[in-house]
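Engineer: Next input, structure requested:
(2 chains)
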Number of protein chains: 2
Amino acid sequence: MKIPILKLHDCLLISIQWELDDETALQFQEDLLNKIYQTNARGVVIDLTSVDIIDSFIAKVLGDVVHMSKLMGAQVVLTGIQPAVAITLIELGIKLNDVHTALDLEKGLKKIKMELGE
Amino acid sequence: MKIPILKLHDCLLISIQWELDDETALQFQEDLLNKIYQTNARGVVIDLTSVDIIDSFIAKVLGDVVHMSKLMGAQVVLTGIQPAVAITLIELGIKLNDVHTALDLEKGLKKIKMELGE
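Structural biologist: Presented below is the predicted three-dimensional model:
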């Protein structure tokens, strides 16, 4: 089953609401990049509110997809990162230094609109 | 796997991007009603853009969930209904007369905001 990607104006919204297995994560990476290409999206909000735990592979895929999206010209905001997920990301050395984050989807969309100068 | 339900301001957004089996559809119905209750959502947009075909059971569940959501006080807009899905719905006698529809997610959100008097 694929992770749904919603298009709203020139942003893509993704809410990950279950634990990802490796295959789904890679599929998501490919789908997102294709969707950015198809829709000319300028912003991507990935909401992780419902993700409680994350393993090293998923963390890497997530870090990669953020940087890949940026290469394609889309700003990415990660929202709703839980404490345990934040701890895991840092402990795994995935710093996401230059990635914007926000508390929830609303704030993420606001942030992306600000970034895009709207 | 559950269908993700995104909360954006006082609306819930759902994009169904694969063919639903009966169990997932019923689970979705329950999840959506619970989420409306938890979040006090006033509007629901269900995007069916990626749904090509629909069977009688799923059509019934979908019709039911629209009316249930209304009972709970949330306006529902269905968006992106494909020709084949529209044909199936009518042929099955599921008229959804009093249900608002729109071409895509953006227009659906706009419609719901109008309905809610914003």
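
Engineer: which SS class is the spatially most central residue of chain A?
Structural biologist: In chain A, the C-alpha nearest the mean C-alpha coordinate belongs to residue A:46, at 3.3 Å (C-alpha atoms, centre = their mean). Of the three states, residue A:46 takes strand under DSSP: H, G, I helix; E, B strand; the rest coil.

Engineer: what's near enough to touch it?
Structural biologist: Residues in contact with residue A:46, defined by C-beta atoms under 8 Å, 6 or more residues apart in numbering or on different chains, are A:14, A:16, A:62, A:65, A:66, A:76, A:77, A:78, A:79. To be clear about C-beta, it is placed using only N, CA and C from the backbone, and glycine gets the same treatment.

Engineer: Tell me which of those fall in helices.
Structural biologist: Members of the contacts of residue A:46 lying in helices (criterion: DSSP state H): A:62, A:65, A:66.

Engineer: quick one: which of these is most hemmed in?
Structural biologist: The residue in the ones in helices among the contacts of residue A:46 with the most neighbours, by other C-beta atoms under 10 Å in any protein chain shown, is residue A:62 (25 neighbours).

Engineer: who's in contact with it?
Structural biologist: Contacts of residue A:62 (C-beta under 8 Å, 6+ apart): A:25, A:46, A:54, A:78, A:94.

Engineer: Residue A:13 against residue A:4, yeah?
Structural biologist: No. Using C-beta atoms under 8 Å, residue A:13 is not in contact with residue A:4; the gap is 9.1 Å.

Engineer: Which one of the two is surrounded by more residues?
Structural biologist: Neighbour count, other C-beta under 10 Å: between residue A:13 and residue A:4, residue A:13 has more, with 25 against 21.

Engineer: ok, now how distant is that one from chain B?
Structural biologist: Residue A:13 is 6 Å from chain B, where distance means C-beta to the nearest C-beta, to the nearest Å.

Engineer: From residue A:105, how far out is the closest residue to that residue other than its chain neighbours?
Structural biologist: Among residues not flanking residue A:13 along the chain, residue A:6 sits closest, at 4.3 Å (C-beta to C-beta, 6 or more residues apart in numbering or on different chains). With distances taken as C-beta to C-beta, to the nearest Å, residue A:6 is found 11 Å from residue A:105.

Engineer: can you list residues touching both of those two?
Structural biologist: The contact lists of residue A:6 and residue A:105 share A:13, B:6, where a contact means C-beta under 8 Å, 6+ apart.

Engineer: what residues does stretch A:89-105 touch?
Structural biologist: Contacts for stretch A:89-105 (C-beta under 8 Å, 6+ apart): A:13, A:15, A:45, A:47, A:49, A:54, A:56, A:59-60, A:62-63, A:66, A:75-81, A:108, A:110-112, A:115, B:6-8.

Engineer: for stretch A:24-38, that is, sorry about that
Structural biologist: Here stretch A:24-38 has contacts from A:1-3, A:5, A:7, A:12, A:14, A:16, A:20, A:41, A:44, A:57-58, A:61-62, A:64-65, A:68-69, A:72-74, using C-beta under 8 Å, 6+ apart.

Engineer: Could you list the low-confidence segments of chain A?
Structural biologist: Along chain A, no part satisfies pLDDT under 70.

Engineer: Can you show me the helices along it?
Structural biologist: Using DSSP H, helices in chain A cover A:22-39, A:56-71, A:83-91, A:105-115.

Engineer: So what's the gap between the third one and the chain middle?
Structural biologist: What that stands for is helix A:83-91. 15 Å (C-alpha atoms, centre = their mean, to the nearest Å).
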